[in-house]
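Enquirer: from the sequence below, what's the structure:
(one chain, ligands or ions: 2)
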Amino acid sequence: MPDNSQQPSFPTASRERVLSGMRPTGALHLGHYHGALKNWTRLQHEMSCFYFVADWHALTTHYESREVIEKNVYEMVIDWLATGLDPNLCTMFLQSRIPEHAELFTLLSMGTPIGWLERVPTYKDQQEKLKDKDLSTYGFLGYPLLQAADILIYRAQHVPVGEDQASHVELTREVARRFNHLYGRESDFEVRLAASLEAIGKDSAKRFEKSRRQFQEAGDAKAFEGAMAFIANHPDLKADDKERLQGYFKGSGKSVLVEPQALLTQASRLPGLDGAKMSKSYNNTIAIREDKVAIEIKLKRMPTDPARVRRTDVGNPSRCPVWQFHKVYSDATTQAWVQQGCTSAGIGCLDCKQPIIDAVLLEQQPMLERAQPYIDNPTLVRDIIDAGTDTARKVARETMVDVRAAIGLNY
Ligand code: TRP
Ligand code: SF4
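Expert: Numbering: from 1, shown residues only. Ligands and ions are numbered 1, 2, ... in the order given. As a prediction, the model looks like this:
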């Protein structure tokens, strides 16, 4: 685990902040549910969570088919609400309504070497994979930097993402580090420092200076701990005074941007109907709000162990995608029944699939119920996004005030 202990805390965040986004390019499916949304819903009880519709990110690949995005923005939010995201527990918003993301992206782009972006693995991978699209664009190259801006503008400590996105969070950390290195000290740092020192009183300020020298010249750990505790517990200091004084003591300034950590969710354990990764482009998905009859048909048509041609042939679950579904949906008893029945030809493949059909429909029922009021009344969804966007915008604007000041753009 990278050392995170020196990260500043911010007055607005009593709980640690989580940020993540999703691209509105199609109906969400059970892969998204098991791979991401279950985790998002759990986190909303533990931390201050910000989740957003990454419509600009969708444009980087769908700039020639933007209707897809328009169609899916609010549909995706309904899917979120269906899986249990609760507007009373987390903040849901729309990226394009907060142009400050673009401002930070622009400012970060000035000092970001092109090589950093060309080396992000998803850049070449996606160009290879989406051959039908022309992705040799400036926007697509900049995709991970826009993502960095999304994260840094909320000073999020945690970013729940799949493994495929880990390199983007790593880039975000590098970008933050570089920014703090270049502009970390507020431009009027000396003036503000003097004011912060004044707030602790002349005598304490003298002692503070003395232990700072002991720490910086001799690495005196006791002096360090004593001073940190003194500042942290000082009743007359505001949070940003505390941060400035602690930063000064350590020899840095006040860090403007926070280096985030990836909260890696393992790749979804639920594969697609054909055993490959569940993905709309492979046509192997079950949508979160898929029609019940369609679910049954899709699961009944699901391929099985290719060696099991006739009912009387024995099968091997480890070669069968249906078994992967049992691993997610079935208890030990049912799993034992599958193993035994399959390897002895005691059960047929349709028998084997029935508990899955039942489990998927059972899992889906409460999601359909949660979605219905929003389908009946789309204004509710828009209101949730409007309110969430207002909350998010406030935080984004606060950060941008600091960012502009750090660069010295307040002439
Ligand atoms: N790139 C992410 C994806 O494709 C979506 C995204 C955009 C994101 N900005 C983000 C995720 C910021 C986490 C944080 O899944
Ligand atoms: Fe797959 Fe079940 Fe058929 Fe075995 S019995 S091949 S595990 S569907």
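Enquirer: only C-alpha atoms from now on, for both contacts and neighbour counts.
Expert: Noted.
Enquirer: what does the helix or strand harbouring residue 211 contact?
Expert: Assigned by DSSP states H and E, residue 211 belongs to helix 202-218. The contact list for helix 202-218 (Cα atoms under 8 Å, 6 or more residues apart in numbering) reads 197, 198, 220, 221, 223, 224, 227, 249, 250, 251.
Enquirer: buried ones among those?
Expert: Applying 16 or more other Cα atoms under 10 Å to these, the neighbour count classes 197, 223, 224, 227, 249 as buried.
Enquirer: tell me the one of those residues nearest ligand 1?
Expert: residue 249 (32.4 Å; Cα to the nearest ligand atom).
Enquirer: surely that closest one is in a helix?
Expert: Yes. Judged by DSSP: H, G, I helix; E, B strand; the rest coil, residue 249 forms part of a helix.
Enquirer: tell me how this protein divides into domains.
Expert: 17-182+259-268+373-407, 185-250, 280-369 (automatic domain parsing).
Enquirer: what's the closest of those domains to residue 274?
Expert: Nearest to residue 274 among the domains of the chain is domain 280-369; the distance by Cα to Cα comes to 6.2 Å.
Enquirer: end to end on the closest one, go ahead and measure it.
Expert: 24 Å (Cα to Cα, to the nearest Å).
Enquirer: check whether that domain comes near ligand 1.
Expert: No. Judged by Cα under 6 Å from any ligand atom, domain 280-369 makes no contact with ligand 1; its nearest approach is 13.6 Å.
Enquirer: for the closest residue in space to residue 23 that isn't next to it in sequence, grab phi and psi.
Expert: Closest residue in space to residue 23, ignoring its immediate chain neighbours: residue 54 at 4.8 Å, by Cα to Cα, 6 or more residues apart in numbering. Per-residue torsions, residue 54: phi -90, psi 70 (degrees, to the nearest 10).
Enquirer: re earlier: buried sites along the helix holding residue 211?
Expert: So helix 202-218, judged by 16+ other Cα under 10 Å, has buried residues 208, 209, 211, 212, 214, 215.
Enquirer: mind putting those residues into CSV with distance to ligand 1 and pLDDT?
Expert: Shown next, in CSV, are these (distance: Cα to the nearest ligand atom, whole Å; pLDDT from 0 to 100):
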residue, distance to ligand 1, pLDDT
208, 39, 94
209, 40, 91
211, 40, 92
212, 38, 90
214, 41, 88
215, 38, 86
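Enquirer: which of the buried ones among the contacts of helix 202-218 sits closest to ligand 2?
Expert: Using Cα to the nearest ligand atom, these come closest to ligand 2 at residue 224, 61.5 Å.
Enquirer: for that closest one, which non-adjacent residue is closest in space?
Expert: Residue 224 sits nearest to residue 215 (Cα to Cα, 6+ apart), 6.0 Å away.
Enquirer: do residue 261 as well
Expert: residue 158 (5.0 Å).
Enquirer: if you rank every helix and strand of this structure by mean pLDDT, what lands last?
Expert: Lowest on mean pLDDT, DSSP states H and E among the helices and strands of the chain sits helix 239-250, with a mean of 85.
Enquirer: orientation of the helix holding residue 211 relative to helix 239-250 in degrees?
Expert: 40 degrees (axes from the mean of the first three to the mean of the last three Cα atoms, to 10 degrees).
Enquirer: okay, helix 202-218 in CSV with CA atoms only?
Expert: Output of helix 202-218 as CSV, limited to C-alpha atoms (Å, rounded to 0.1, in the frame of the first residue of the first chain):
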residue,chain,number,x,y,z
LYS,A,202,4.0,35.0,19.7
ASP,A,203,5.5,32.5,22.2
SER,A,204,4.0,29.5,20.6
ALA,A,205,5.2,30.7,17.2
LYS,A,206,8.7,31.0,18.5
ARG,A,207,8.6,27.4,19.9
PHE,A,208,7.1,26.2,16.7
GLU,A,209,10.0,27.7,14.7
LYS,A,210,12.5,26.2,17.0
SER,A,211,11.1,22.7,16.7
ARG,A,212,10.7,23.1,13.0
ARG,A,213,14.5,23.7,12.8
GLN,A,214,15.2,20.7,15.0
PHE,A,215,13.1,18.6,12.8
GLN,A,216,14.4,19.9,9.5
GLU,A,217,18.1,20.0,10.5
ALA,A,218,18.3,17.0,12.8
